[in-house]
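1. Sequence and predicted structure below; questions after.
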Amino acid sequence: MENFSPISASIGGAMIGLAAVWLMASVGRIAGISGILGGMIQKNDNKAWRLSFFIGLIIGPQFMAAIDPRILTIEFPVEGPFLIIGAILVGIGTQLGNGCTSGHGICGNALSSRRSILATITFMTTGIVTVLLTKVIGGV
């Protein structure tokens, strides 16, 4: 936790909350990234807001990196096949859980959705167990 900063974490959390509230107020939709991206690919509804949200996800970090280049420094503890397998499993999990961490963990919990609370408990527990197993078995 050498890079933990409560100030930047609080600002980031507030910005995510503001974006979720803004999307709900303006479009009436929950800010679940998997649903937004899936809707861009599959549905025939108005895709302009989905595309705007997705572009914001790409441009936002680029803007912040122009201010402080260290922001986009990302380190992955695994490489190659494990990274690909992990990404595939996350995609399968979002389909099985009818949403992702942002949809359930931020918006669904704020709405006191039982399904979202259960999903959040499930993915947090699975994440913790996965990290522990990776450290014990893989020595990462």
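-> Thanks, I have the structure now.

2. Just confirm L72 contacts G60, I think it does.
-> No: applying C-beta atoms under 8 Å as the test, L72 and G60 come out as separate, 11.1 Å apart. In short, each C-beta sits where N, CA and C put it, glycine included.

3. got the contact list for R70?
-> R70 makes no contacts at all, as judged by C-beta atoms under 8 Å, 6 or more residues apart in numbering.

4. what's the spacing between it and A25?
-> Going from R70 to A25 by C-beta to C-beta, to the nearest Å gives 33 Å.

5. Remind me what the helix or strand of the chain with the lowest mean pLDDT packs against, helices and strands.
-> Every helix and strand in the chain was compared by mean pLDDT, DSSP states H and E; the lowest is helix 33-42, with a mean of 80. Packing partners of helix 33-42 (3 or more C-beta pairs under 8 Å, 6 or more residues apart in numbering; DSSP states H and E): helix 48-67, helix 80-96.

6. in the first one, what's buried?
-> To tie it back to what came earlier, the one meant is helix 48-67. R50, F53 (16 or more other C-beta atoms under 10 Å).

7. again, but for the last one
-> Buried residues in helix 80-96, defined by neighbour count with 16+ other C-beta under 10 Å: G93, T94.

8. neighbours of I106, just the number please.
-> Neighbours of I106 under the rule other C-beta atoms under 10 Å: 21.

9. Contact partners for it?
-> Contacts of I106 (C-beta under 8 Å, 6+ apart): I16, G17, A20, A31.

10. run the last query once more with 6 Å
-> For I106, the contacting residues are A20, by C-beta atoms under 6 Å, 6 or more residues apart in numbering.

11. and the gap between it and P69?
-> 27 Å.

12. What of L18?
-> Distance from L18 to P69, by C-beta to C-beta: 25 Å.

13. where does the chain dip in pLDDT?
-> 1-4, 43-45, 138-140 (pLDDT under 70).

14. repeat that for 50
-> 1 (pLDDT under 50).

15. Near I16, how many other residues are there?
-> Residues near I16, counting by other C-beta under 10 Å: 14.

16. do E75 as well
-> Using other C-beta under 10 Å: E75 sits among 5 other residues.
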